[in-house]
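In: Model the structure of this input:
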Amino acid sequence: MSEINLIELGIAIMVLVGTIFGFISSIGFIRLPDIYNRAHALSKSSTLSVLFVLLGTFLFFVMVEGYFSIKLFLGIFFVFLTAPVSTHVICRSAYRCHVELAPESVQDDLKAFIDEYTCHP
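Out: Okay, the predicted model is just below:
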């Protein structure tokens, strides 16, 4: 097996791991009970999914084709930066608008801190 074949195999494994994380993300979205748990599953696993696929593509172009793609590099950077932040903002606004937690939730740590800032329906 040549060096290029080993590199392509490693890249294919990275893309496969990314698709597995995407599949896990979709299962978490379907199975989890409320918006907070769903957002957690979507934030973590879908961010990893996109990062693995983009990183595999980036490494393919750098190592096999000899081409440095600044678009892929910026895509990796911005997904890593913006996906968790946007999920946090969505969950915080849902909490402030009194979206109910699942009955299985044990405790609510934010209740004491966010009573004065609420949505007015």
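In: contacts, neighbours, all on C-alpha from now
Out: Will do.
In: thought residue 67 was touching residue 57?
Out: No: at 11.1 Å, residue 67 and residue 57 do not qualify as touching, with contact defined as CA atoms under 8 Å.
In: Those two: which is more packed in?
Out: residue 57 (18 against 12; other CA atoms under 10 Å).
In: my read: the more buried one touches residue 13, true?
Out: No: contact criterion CA under 8 Å: residue 57 and residue 13 do not qualify, at 11.3 Å.
In: helices or strands up against the top helix by length along the chain?
Out: The single longest helix within the chain, with elements called by DSSP state H, is helix 3-31. Packing partners of helix 3-31 (3 or more CA pairs under 8 Å, 6 or more residues apart in numbering; DSSP states H and E): helix 35-59.
In: gap between stretch 93-113 and the chain center?
Out: Distance, stretch centre to chain centre, for stretch 93-113: 22 Å (CA atoms, centre = their mean, to the nearest Å).
In: first to last residue in that stretch, what's the distance?
Out: End-to-end distance for stretch 93-113, by CA to CA, to the nearest Å: 14 Å.
In: mean confidence score for that stretch?
Out: Mean per-residue pLDDT for stretch 93-113: 83.
In: List the buried residues for that stretch?
Out: 94-96, 101 (16 or more other CA atoms under 10 Å).
In: Widest-spaced pair of those residues?
Out: With CA to CA as the measure, no two of the buried residues of stretch 93-113 lie farther apart than 96 and 101, at 11.9 Å.
In: picking that back up, of the buried residues of stretch 93-113, closest to residue 61?
Out: Using CA to CA, residue 94 is the member of these that sits closest to residue 61, with 40.5 Å.
In: quick one: residue 44 and residue 86 touch, right?
Out: No: in this structure, residue 44 is not within contact of residue 86 by CA under 8 Å, at 11.9 Å.
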